[in-house]
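# Turn this into a structure:
(one chain, ligands or ions: 2)
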Amino acid sequence: MRMIAGQKHRVEIVLNGQAVSAEAEPRMLLSDFLRQGLGAFGTHVGCEHGVCGACTVRIDGALARACLTLAVQAHGCRIDTVEGLSPRDGRLSVLQAAFQRHHALQCGFCMAGILMSMDHLLATDPAPDEPRVREVLSGHLCRCTGYHPIIAAVLDAAAHIRAEADDA
Ligand code: FES
Ligand code: FES
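Ligands and ions are numbered 1, 2, ... in the order given. Got it, this is the predicted structure:
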């Protein structure tokens with residue numbers, strides 16, 4: 001895609017399994033494109049320079065900071081956001097339900113990013129120990145919950161997912 005400053009470009013992505021597109025200027029961030037361009041407000045924006053983790057999404061299966069990615073860079077990519085975590089019937093995912101049980105969120109501002117990182121962790125490591133959960137969580141800032149309930153929720157969700165796999 002040839003970029004011309006100030007000129008808008010059509011960016012096509014697959015967002016949580018659905019093909020969508022909208023116009024974006026070359027300098028528009030993916031986080032702003034999701035929210036303002038596509039009305040997908042689940043992805044939050046905090047620091048806007050890669051520190052807080054609130055904007056974490058998956059791009060073609062890999063975790064990424066949406067505030068450090070240009071929308072035009074995502075053209076043609078598969079983007080997964082927090083909106084895609086729960087099953088389509090409206091139930092919570094196993095991970096989300098564990099966060100609810102453990103009271104692992106308060107204002108929820110950090111949660112979109114934390115849930116994406118923890119969902120990715122459990123998808124790639126079904127039996128993470130506490131240090132591993134802490135390591136992944138260190139990429140996120142939560143101003144109000146405190147991290148202990150979040151860690152407990154992730155370990156609990158991992159146990160639930162393993163138990164479900166054993167029963168299958
Ligand atoms: S808003 Fe992207 S890391 Fe904080
Ligand atoms: S729940 Fe408020 S910032 Fe994490």
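# any bit of the lowest-mean-pLDDT helix or strand in the chain sitting next to ligand 2?
Of the helices and strands making up the chain, the lowest-confidence element is helix 148-167, at a mean of 95, by mean pLDDT, DSSP states H and E. No. Applying CB under 6 Å from any ligand atom, one finds helix 148-167 separated from ligand 2 by no less than 8.3 Å. Any C-beta I mention is one placed from the backbone N, CA and C, and that applies to glycine too.
# and that helix, which residues are buried?
Neighbour counts over helix 148-167 (16 or more other CB atoms under 10 Å) mark Pro149, Ile150, Ile151, Ala152, Ala153, Val154, Leu155, Asp156, Ala157, Ala158, His160, Ile161 as buried.
# and those as CSV, adding distance to ligand 1?
Formatted as CSV, the buried residues of helix 148-167 follow (distance: CB to the nearest ligand atom, whole Å):
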residue, distance to ligand 1
Pro149, 21
Ile150, 17
Ile151, 20
Ala152, 24
Ala153, 21
Val154, 20
Leu155, 24
Asp156, 26
Ala157, 23
Ala158, 25
His160, 29
Ile161, 27
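# before we move on, back to that, output the contacting helices and strands for the least confident helix or strand of the chain.
Using 3 or more CB pairs under 8 Å, 6 or more residues apart in numbering; DSSP states H and E as the contact test, the elements touching helix 148-167 are helix 94-101, helix 111-124, helix 130-137.
# orientation of it relative to helix 130-137 in degrees?
Counting by axes from the mean of the first three to the mean of the last three CA atoms, to 10 degrees, helix 148-167 points 120 degrees away from the direction of helix 130-137.
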